[in-house]
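Student: Fold the following and give me the result.
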Amino acid sequence: METLDILMDMAVIILFAKFFALLARKLHAPQVAGEIIAGIIIGPTLLNLVQTTDFLNEMAELGVILLMFSAGLETDLRELKKSGLKATLIACAGVFLPLILGTLLYMCFYGFDVAGSPEFIKALFIGTILTATSVSITVQVLKELGKISTELGMTIMSAAIIDDVIGILVLTAVIGMKDPSSSILLVAGKTVLFFVLAFFAGIVLYQVMKRIDERYPHTRRIPIISIAIAFIMSYVADRYFGVADITGAFLAGVILSSLKDSEYIERRVDINSYTFFGPVFFASIGLQTNLRTLDSTILLFSLAFVVVGLLSKIAGCGGMGRILGYKGKDALRIGVGMMTRGEVALIVTQRGLKAGIIGSEYFTAVILLIVISSLLTPLLLKALFTEKTA
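Tutor: Coordinates of the predicted model:
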């Protein structure tokens, strides 16, 4: 592919992605949805202006690493400690039930197979997609409702963060299962070893970065070094431990999230993500989606996928909230607050496509789930929080 063609592709992607992102915001929909729709429009589904290339895939890979690094930077470790055991149990239920029901959903449509077979791994991966809660969308909704600082709000937010961490671990394990030379125990062992080493390395890295931050506060070298750390941890995670590179990037963000300049780092990272890498990543998902190839089975599966995705979070998280002592209304608020999906679900789906576990046709189901859940969650939460408590 010639350099001039790449330049034109980049221009088309950025302009269309940002236009539809702004249009989505005007319509009170997630900007992410607009960028995905832009990719669908300029891709093989409609205009066919841009084709997926190795270069675009590499740019999208950088985009997803920066997104996960930014998500890690947004993690508030103090809030995690406050919510404690309740948030962890809610998050576990919010991962377990969608994982099981999503796996069964695929098997009901395409047949049951023996554990460890390619079809079983594919079914398990469909369940894995459903495990992720969108931290950013959940937090934004709670802020708009003025409930972010309440005990219930902190529980929902912390559970959403823990939910994504567990989801990434499940993703790493499922991708590792695709390798016939590996076993679940081997994958789990390597994953645990990576997290142990990352913990001790994180202590050292944090102390080093803390001193640099104190000596050179609010300078550009801080985000530059931080991004380098994210790339290094992504590389080490994938190359030496078989752990998804996005896990390394996320942990890098968590390690640096307690720095005084963590918000400054996040703003600098978001400049790159917002203007270039983010639009390329989300638009690339649309580019890989060809709605012309949809048949009635995939369409029906997509609708069932959305229903299972929404109800499994409400039942899993809300049900666990009820067990932990939250009243009926509060338990339902927890379930609804946890049902929204966003960038992490897309990231998980993209990893499955890259690993050859699923085909691009399943992006349709994920996009539908993200758009519908992102629109329903604010409406339902607003209704639940404005009603008088019985």
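Student: Which parts of the stretch 51-200 of the chain are helices?
Tutor: Counting by DSSP state H, counting those that start in this stretch, the stretch 51-200 of the chain has helices at residues 54-73, 77-110, 118-129, 135-144, 151-177, 184-215.
Student: Out of those, the one nearest T386 is which?
Tutor: helix 135-144 (12.3 Å; CB to CB). C-beta coordinates here come from the backbone N, C-alpha and C atoms, glycine included.
Student: where are the low-confidence patches of the stretch 251-390 of the chain?
Tutor: Applying pLDDT under 70 to the stretch 251-390 of the chain picks out residues 343, 375, 387-390.
Student: Looking at the helices of the stretch 51-200 of the chain, spot the one closest to I265.
Tutor: That would be, of the helices of the stretch 51-200 of the chain and by CB to CB, helix 54-73, which comes in at 6.1 Å.
Student: and the closest one, which residues are buried?
Tutor: Neighbour-count burial for helix 54-73 flags 56-57, 59-73 (criterion: 16 or more other CB atoms under 10 Å).
Student: one step back: nearest to L287, out of the helices of the stretch 51-200 of the chain?
Tutor: Here helix 54-73 is closest among the helices of the stretch 51-200 of the chain (CB to CB), at 7.2 Å.
Student: Distance check, the residue most central in space within the chain against F363.
Tutor: Nearest to the geometric centre of the chain sits V344, at 0.8 Å (CA atoms, centre = their mean). Using CB to CB, to the nearest Å, one gets 15 Å for the distance from V344 to F363.
Student: likewise S234?
Tutor: Taking CB to CB, one finds S234 at 23 Å from F363.
Student: just T340 next, same as before
Tutor: Counting by CB to CB, the separation of T340 from F363 is 18 Å.
Student: more crowded one of these two?
Tutor: Ranked by neighbour count (other CB atoms under 10 Å), T340 and F363 place T340 first, with 31 against 25.
Student: Name the SS class of the more buried one, please.
Tutor: At T340 the chain is in coil, as set by DSSP: H, G, I helix; E, B strand; the rest coil.
Student: I'd guessed it sits against S373; true?
Tutor: Yes. Counting by CB atoms under 8 Å, T340 does reach S373; the two are 4.6 Å apart.
Student: Overlap in contacts, those two.
Tutor: Taking CB atoms under 8 Å, 6 or more residues apart in numbering as the contact rule, T340 and S373 both touch S134.
Student: Surely P44 touches V50?
Tutor: No. The pair P44 / V50 is not scored as a contact, 9.3 Å apart, by CB under 8 Å.
Student: Comparing these two, which shows the higher neighbour count?
Tutor: Remark: of P44 and V50, V50 carries more neighbours, 23 against 20, as counted by other CB under 10 Å.
Student: That one and E361, how far apart?
Tutor: 19 Å.
Student: Please apply the same query to G94.
Tutor: The value you get for G94 to E361, if CB to CB is used, is 26 Å.
Student: These two: who's more crowded?
Tutor: G94 (34 against 18).
Student: Find the nearest non-adjacent residue to that one, please.
Tutor: C317 (4.2 Å; CB to CB, 6 or more residues apart in numbering).
Student: just G342 next, same as before
Tutor: S134 (2.9 Å).
Student: show me the contacts for the one you found.
Tutor: S134 sits next to A160, T340, R341, G342, E343, V344, A345, I370, S373, S374 when contact means CB under 8 Å, 6+ apart.
Student: pLDDT value on it, please?
Tutor: pLDDT, S134: 74.
Student: thinking again about what came up before, where do the contact lists of P44 and V50 overlap?
Tutor: Common neighbours of P44 and V50 (CB under 8 Å, 6+ apart) are L287.
Student: Just the element for the residue nearest to the centre of the chain, please.
Tutor: For V344, the element it lies in under DSSP states H and E is helix 343-354.
Student: Give me the contacts around that helix.
Tutor: Counting by CB under 8 Å, 6+ apart, 32, 36, 57, 60, 64, 67-68, 71, 125, 128-136, 164, 167-168, 171, 175, 244, 246, 281-282, 284-285, 288, 358-360, 362-363, 366, 369-370 sit against helix 343-354.
Student: From those residues, list the buried ones, please.
Tutor: Applying 16+ other CB under 10 Å to the contacts of helix 343-354 flags 32, 36, 57, 60, 64, 67-68, 71, 125, 128-136, 164, 167-168, 171, 175, 244, 246, 281-282, 284-285, 288, 358, 360, 362-363, 366, 369-370 as buried.
Student: ok, the closest residue in space to A87 that isn't next to it in sequence to T75 distance?
Tutor: Excluding the flanking residues, the one nearest A87 by CB to CB, 6+ apart is S158, at 3.8 Å. Distance from S158 to T75, counting by CB to CB: 10 Å.
Student: quick one: V114 from C108, how far?
Tutor: V114 is 16 Å from C108, by CB to CB.
Student: I am finished for the moment; much appreciated.
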